[in-house]
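*Asks:* got a predicted model here, sequence first, then my questions.
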Amino acid sequence: DFAYDNCECISKKEDNQIIRQFRTPLGTIEHTDGIAADGSLCPVKHFVKDSNDWEVLRYVVEHTRATPKYQHIKNILDGIGELGIADIVIWRSPFGKIVDEYAGLETTVYKLMDDPKTIEELLTLQTEVDMNVIKLAADSPAEIVIISDHADEQIINPVWYEKYCVPFYKKANEILHTKGKIVSTHLDGNFKGLFELVKEADFDLLDGCTPAPMTNYEVEELPSALTGNMKAYCGVPSIFFADDTSIDEIITFAQRIIKALSPNV
């Protein structure tokens, strides 16, 4: 969980939206998620809308403290028992937070071009917060930690992924591996262009991989993203269950996955 010093965090639901505000001495920033009919969320407004919002966001990050809830984690693990597994979700990398949660892609691109210093300084602050979260996760009773940017090369391109994401992943994975954790990352988008970079990040498991026709790679290409010790959690594309694809075709696709990824599946 997170606590905020000299900063108020307010979350509320209005109609089909979830609104989150941070009220600080420098001003207020607000993020709005729309709620779809199926319950899924989509950003409608990001925290950063003008130049002052960057300063307010910086203030919020500087005054953020992570606090562990180890007993809560233990209760969940005990409740699951031998029925399955549970991972600790770290969410996005510092850069992923800026692109997806704080500012959005377009605003981030303009800021990187016009005022890269602001982005770099914010990344330094956010990395400090997130590394503390990583250390708390490393000391938790859970065995698996997932660091998830939902990386898609159409949003976080290979240049950004290599410069901003991979160094964070490697440092985080070093801390987690020292404590014996298995580390995964969720990759359910178009990431063929990131294959070689993913291999450098020291993950143990690629979670949620979904091949063509839903993304830009065939399942036979996925091993190119794996080192010898990495595993891939790869599924039959869900679109097959929503059209007239036959059971035989679905089974054949599943067999392709097993053949392509064995023994890393």
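*Replies:* Here it is on my side, so go on.

*Asks:* which residue ranges of the stretch 1-150 of the chain form helices?
*Replies:* Under the criterion DSSP state H, counting those that start in this stretch, helices of the stretch 1-150 of the chain are mapped to 51-62, 70-80, 94-97, 105-114, 116-138.

*Asks:* tell me the most buried of these?
*Replies:* Counting by mean count of other C-beta atoms under 10 Å, helix 94-97 has the highest mean neighbour count of the helices of the stretch 1-150 of the chain, with a mean of 22. Every residue, glycine included, has its C-beta placed from N, CA and C.

*Asks:* how near is Gly81 to Asn75?
*Replies:* With the distance defined as C-beta to C-beta, to the nearest Å, Gly81 ends up 12 Å from Asn75.

*Asks:* Ile251 too?
*Replies:* Between Ile251 and Asn75 the distance, using C-beta to C-beta, works out to 38 Å.

*Asks:* check Thr32 too.
*Replies:* Noted for Thr32: a distance of 32 Å to Asn75, by C-beta to C-beta.

*Asks:* lowest average confidence, helix or strand, in the chain?
*Replies:* Within the chain, confidence by mean pLDDT, DSSP states H and E is lowest for strand 87-91 among all helices and strands, at a mean of 91.

*Asks:* and Gly208, helix, strand or coil?
*Replies:* Remark: Gly208 carries the secondary structure label strand [criterion: DSSP: H, G, I helix; E, B strand; the rest coil].

*Asks:* in terms of pLDDT, where does it sit?
*Replies:* Reading off the confidence values, Gly208 has pLDDT 92.

*Asks:* try His150
*Replies:* Confidence per residue is given as pLDDT, and for His150 that number is 87.

*Asks:* can you pull the phi/psi pair for it?
*Replies:* Comment: the main-chain dihedrals of His150 come out as phi 50, psi 40, following degrees, to the nearest 10.

*Asks:* go on, the one 3 residues further on?
*Replies:* Dihedral angles of Glu153 (phi, psi; degrees, to the nearest 10) stand at phi -60, psi -20.

*Asks:* can you check the pLDDT for it?
*Replies:* Each residue has a pLDDT score; the one for Glu153 is 94.

*Asks:* wouldn't it be in contact with Leu187 here?
*Replies:* No - under the criterion of C-beta atoms under 8 Å, Glu153 is not in contact with Leu187, lying 10.5 Å apart.

*Asks:* neighbour-wise, which of the two wins?
*Replies:* Neighbours per residue (other C-beta atoms under 10 Å) separate Glu153 from Leu187, with Leu187 holding more: 28 against 18.

*Asks:* could you list the domains of the chain?
*Replies:* Following automatic domain parsing, one gets these domains for the chain: 1-66, 68-261.

*Asks:* go through the ones you listed and pick out the most buried.
*Replies:* Among these, judged by mean count of other C-beta under 10 Å, the one packed with the most neighbours on average is domain 68-261 (a mean of 17).

*Asks:* now that one, how far from the chain's geometric center?
*Replies:* Mean C-alpha position of domain 68-261 versus that of the full chain (C-alpha atoms, centre = their mean, to the nearest Å) differs by 6 Å.

*Asks:* can you check stretch 36-47 too?
*Replies:* Centre-to-centre, stretch 36-47 and its host chain are 16 Å apart (C-alpha atoms, centre = their mean).

*Asks:* what about the strands in this structure?
*Replies:* With DSSP state E as the criterion, the chain has strands at 2-4, 8-14, 17-24, 27-35, 41-45, 64-66, 87-91, 144-147, 182-186, 205-209, 231-234.
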